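Visitor: the following block contains a protein sequence and its predicted model.
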Amino acid sequence: MAGEASPDERKVLERWLKESDENRTTFETYRDIYEVEIGKKFSYNTEKALEKFRVVMDGKPAVHRKNTLRKFEHKRPAKTGIWLKVAACMLLAVGLSFYTYTNFYPSEREIVVEADRGITVETKAGEQKAFRLSDGSRIMLNASSSVYIDGGFGKDSRKINLRGEAFFEVAESDSLEFIVETATARAHVLGTSFGIRAWETRSESIVAVQSGRVSVGSSNPEITENIILNAGEYSLISKNEAPSPATQANFDQYLGWTNQMIVFEETPLEDAIKQLELHFNVKISIEDSSTINDPVTARYRNESLDEILRFTSITHGVDFTVESIQ
C-alpha cells in the first residue's frame, strides 16, 4: 500500500488476491484502514475552515453548469445527509481528508502494440487506456494524453515520447534501455514502474518512481546533469533546467489516478481544476482568481464532479462555473 513492495512481492500479492473473493475483501478492508490512518496526517487551519463554513451558511458560494439541463447553487443547507457530513467535517476540525471517490476506470482490455513503423496511442478527455507493448512493458495512459512509440521498438530501441500523463511498468531487458521523453524531461530505465506527468499547459514534468530506479535528466541535450530516483521518490524537471533533487513522493497524489482516485495534497487550486477538467471532460471557471494558488488537500473516489466542487467551494469560499465539452 505504501509502494515499497518489490516486483516479486507484488506478484505474490496479486496471486493471493485472485485466489478468492474473501482474500480481496480482506485486502480492501485493510486498505481502507490504511488510507484513513494516512489521512490523519493531513493538517488544516481549523479556524479558517470553520469561518469559511459559516460564510457558506450565509453567503452561499455557488457551482453552476452551462450547456446542461441542470444548474447547481448553494442554498441555505437543509439537514440532508450531504450537508450533515460537511458540517461534521468542519466542526471536527477537518482532521481527516475527504475520503470521497471518482468514477474513472482504465480499460480492462490490454492490447499489444507493434511499432515497426511507429505508432501513436492517445486518449480523449475523461478517457483512460491500458495496453502492453511488444516487449511486455505495460502503459496506463491518463486522460487527454498520448504516447508515440518509435519504429523498431523492442528490436533496435525502446523509446517512447509522452504528452500528458502515464504510468509505466517496464519489462526488464539486459540490452535495451527503456527511454521516455517529454517536452522537458528524459527518463532512462531497465526495468521498473514509475509515473510521469507532463501537461502541455505546464513547462515542467514530474517523474515519480514506484519501484526500481530511474535516471532522470533534461530533454535539453546541453543540460547534462542527471539524478537517480529510487522507489518512493520524485523529481520535477522544468524547461531548460536540471532535475530538482530527489524528494520523497506522495504516491496517491501522483499515481492515485491509476487506482481510480483523485488525490490533492497541498495542490494549487489551479492544478486541481486542471485535473478535474481532464478527467470529467469539462471546462471549469473560477470567479475569484485571487484564490487560484490556494492549496487543496482532499481525496476522492467514486464521487461525482458536482459533489467534488461543492466540497471545494465550501472549503475555499469560491464559485465555480462548469461547462460541458461536446
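Guide: Received, thanks. Numbers count the residues shown, from 1 in each chain.

Visitor: please count neighbours and contacts with C-alpha atoms only from this point.
Guide: Fine.

Visitor: helix/strand/coil for N293?
Guide: Under DSSP: H, G, I helix; E, B strand; the rest coil, the three-state class of N293 is coil.

Visitor: give me the number of neighbouring residues for it.
Guide: 14 (other C-alpha atoms under 10 Å).

Visitor: correct me if wrong: it contacts E270.
Guide: Yes: between N293 and E270 there is a contact at 6.2 Å, judged by C-alpha atoms under 8 Å.

Visitor: measure the residue nearest to I206 when sequence neighbours are not counted to N293 for me?
Guide: Among residues not flanking I206 along the chain, L236 sits closest, at 4.6 Å (C-alpha to C-alpha, 6 or more residues apart in numbering). Here L236 is placed at a distance of 18 Å from N293 (C-alpha to C-alpha, to the nearest Å).

Visitor: coming back round to it: next one: phi and psi at the residue nearest to I206?
Guide: phi -110, psi 130 (degrees, to the nearest 10).

Visitor: for E225, report the pLDDT, please.
Guide: On pLDDT, E225 comes in at 93.

Visitor: isn't it right next to I237, touching?
Guide: No: applying C-alpha under 8 Å as the test, E225 and I237 come out as separate, 11.2 Å apart.

Visitor: these two - which one has more neighbours?
Guide: Legend: neighbour count by other C-alpha under 10 Å for E225 and I237, higher for I237 (26 against 12).

Visitor: circling back: ok, the residue nearest to I206 - how many residues close by?
Guide: Neighbours of L236 (other C-alpha under 10 Å): 23.

Visitor: contacts made by stretch 184-192 with the rest, please.
Guide: Outside of stretch 184-192, the residues within contact range by C-alpha atoms under 8 Å, 6 or more residues apart in numbering are 168-174, 176-181, 203-205, 210-220, 237-240.

Visitor: would you mind checking the average pLDDT for it?
Guide: If you average the pLDDT values across stretch 184-192, you get 90.

Visitor: stretch 307-315 now?
Guide: Mean predicted confidence for stretch 307-315 is 84.

Visitor: for it, buried residues please.
Guide: Using 16 or more other C-alpha atoms under 10 Å as the test for burial, stretch 307-315 gives 308-315.

Visitor: between those, which is nearest S285?
Guide: L309 (11.3 Å; C-alpha to C-alpha).

Visitor: got the CA coordinates for the host helix or strand of the closest one in PDB?
Guide: Using DSSP states H and E, L309 sits in helix 305-316. Taking C-alpha atoms only, helix 305-316 is exported to PDB below (Å, rounded to 0.1, in the frame of the first residue of the first chain):
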ATOM      1  CA  LEU A 305     -17.900  16.200 -10.100                       C
ATOM      2  CA  ASP A 306     -20.800  18.200  -8.600                       C
ATOM      3  CA  GLU A 307     -20.000  16.900  -5.100                       C
ATOM      4  CA  ILE A 308     -16.300  17.400  -5.500                       C
ATOM      5  CA  LEU A 309     -16.900  21.000  -6.500                       C
ATOM      6  CA  ARG A 310     -19.400  21.500  -3.700                       C
ATOM      7  CA  PHE A 311     -16.800  20.400  -1.100                       C
ATOM      8  CA  THR A 312     -14.100  22.600  -2.800                       C
ATOM      9  CA  SER A 313     -16.500  25.500  -2.900                       C
ATOM     10  CA  ILE A 314     -17.100  25.200   0.900                       C
ATOM     11  CA  THR A 315     -13.500  24.900   1.900                       C
ATOM     12  CA  HIS A 316     -12.300  27.700  -0.300                       C
END
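
Visitor: elements contacting it?
Guide: Counting contacts by 3 or more C-alpha pairs under 8 Å, 6 or more residues apart in numbering; DSSP states H and E, helix 305-316 packs against helix 46-59, strand 63-66.

Visitor: switch to 6 Å and redo it
Guide: Applying 3 or more C-alpha pairs under 6 Å, 6 or more residues apart in numbering; DSSP states H and E, we find helix 305-316 packed against no helix or strand.
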